[in-house]
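S.K.: with the sequence up front, the predicted model follows.
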Amino acid sequence: MKKSLFPLFLLCVATLHSQTSPFPIFCGNEIFSNIVREKYPALRYDFDATFEAAHAAKGAISRSPLTVNVVVHVVWKEDAENLHDSIIHNQIQVLNADYNRLNADTANLRPIFHPVAGNANIQFQLASIVRVQTNQLFEVSLFGSNLLPEVKHDADGGSDAWDTEQYINIWVCKIQPIAFGGITLGQILGFAFPPNNLPNWPTGVGAPTPDEDGVVIDYRVFGSNNPNTIEIPGGTGNLVVKGRTAVHEVGHYLGLRHIWGDGGVFGPNDCAQSDGVDDTPFANAQSAFDCDTTKNTCEQVEIFYDTDMPDLIE
């Protein structure tokens, strides 16, 4: 199977490369994975060991519905970043619809994938909205090790996490464009740090600090009723994600890899990479913004399907 560091959900709208411009908008977990790989090799090893152990344990597990308590930290500088309560509640509704297969666009799933479509049976419950006004700028260092810790700590202009053993913390802020040498290279919409040191994880697994577990989302893509916009590079209109960036990044938090196997920004994307899940066909690249249903980037017979399958962009 294809191997790499990190987990994901299949939503083409959350990870896009414009066809009209080299300026990318993408999920931050690829950059995050590289930072972990370079700066925290022991943590990377434990993540990989855990992932491989979980993949080896085949078969479905019978369980009751899972309820996840959510704390949303709105860390804002400009008024537009201080999102209205209605946007927060809307995002929770989107999470609940998508993780229970109640979203209307399930009708767009191609018939070839109907036999493997499932309901995660996860309910998200909003525990609190925390608002913090700040003067801090939240910038990801492309070649450094900054995982935006500032947004997660009161003392640094952010908001302290609630107990990460009881809540998923989602921080909403303005993520600055990625720049190098004064040149803007791209825009991260969000990233996730999965929970660590849990009983079912190997001994010694730990984030740089345990209170940084959780999800960070740019304020412009939080909720489907958000009036704020991000322009698609090339002047082709505004990016429309309908609250799916948070769905995508919560997928990372819950342990999912990108379906193209996270060859990554700094690693090869090819048909030898895997997300470790048999019913997602091999792909050698992330979906473009067009969600092209005719794309087949790995022409090979899939063992699970016993046939050559198209890329799963849904």
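M.R.: Arrived safely. Numbers count the residues shown, from 1 in each chain.

S.K.: residue ranges with poor pLDDT in this structure?
M.R.: For the chain, the stretches flagged by pLDDT under 70 are 1-63, 142-146, 196-208, 233-235, 262-268, 287-290.

S.K.: and the helices in it?
M.R.: Along the chain, counting by DSSP state H, helices occupy 29-39, 41-56, 85-98, 244-253.

S.K.: quick one: the strands in the stretch 51-200 of the chain?
M.R.: Using DSSP state E, counting those that start in this stretch, the strands of the stretch 51-200 of the chain run over 66-76, 122-133, 168-173, 178-180, 183-193.

S.K.: just those: most buried one?
M.R.: Highest mean neighbour count of these: strand 168-173, a mean of 26 (counted as mean count of other Cβ atoms under 10 Å). Glycine gets a C-beta too; all of them are placed from N, C-alpha and C.

S.K.: that one - contacts with which helices or strands?
M.R.: Counting contacts by 3 or more Cβ pairs under 8 Å, 6 or more residues apart in numbering; DSSP states H and E, strand 168-173 is packed against strand 66-76, strand 214-218, helix 244-253.

S.K.: including distance to Asn100, could those go into CSV?
M.R.: As requested, the helices and strands packed on strand 168-173 are exported to CSV (distance: least, Cβ to Cβ, whole Å):
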stretch, distance to Asn100
strand 66-76, 11
strand 214-218, 19
helix 244-253, 12
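
S.K.: beta-bridge partners for Phe180, please?
M.R.: Assessed by DSSP bridges, Phe180 has beta-bridge partners Ile183.

S.K.: for Leu147, see how far away it is.
M.R.: 17 Å (Cβ to Cβ, to the nearest Å).

S.K.: tell me where the stretch 201-314 of the chain has strands.
M.R.: Under DSSP E, counting those that start in this stretch, the stretch 201-314 of the chain gives strands at 214-218, 301-302, 307-308.

S.K.: ranking those by burial, who's on top?
M.R.: Highest mean neighbour count of these: strand 214-218, a mean of 26 (counted as mean count of other Cβ under 10 Å).

S.K.: in terms of secondary structure, what does that one contact?
M.R.: Strand 214-218 packs on strand 168-173, strand 183-193, helix 244-253, going by 3+ Cβ pairs under 8 Å, 6+ apart.

S.K.: if we can go back for a sec, can I get the strands of the stretch 201-314 of the chain in a markdown table including distance to Leu254?
M.R.: Output for those, formatted as a markdown table (distance: least, Cβ to Cβ, whole Å):
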| stretch | distance to Leu254 |
| --- | --- |
| strand 214-218 | 10 |
| strand 301-302 | 24 |
| strand 307-308 | 29 |
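
S.K.: out of these, which gets nearest to Phe138?
M.R.: When the strands of the stretch 201-314 of the chain are ranked by proximity to Phe138, the top entry is strand 214-218, at 8.0 Å, counting by Cβ to Cβ.

S.K.: all set, thanks.
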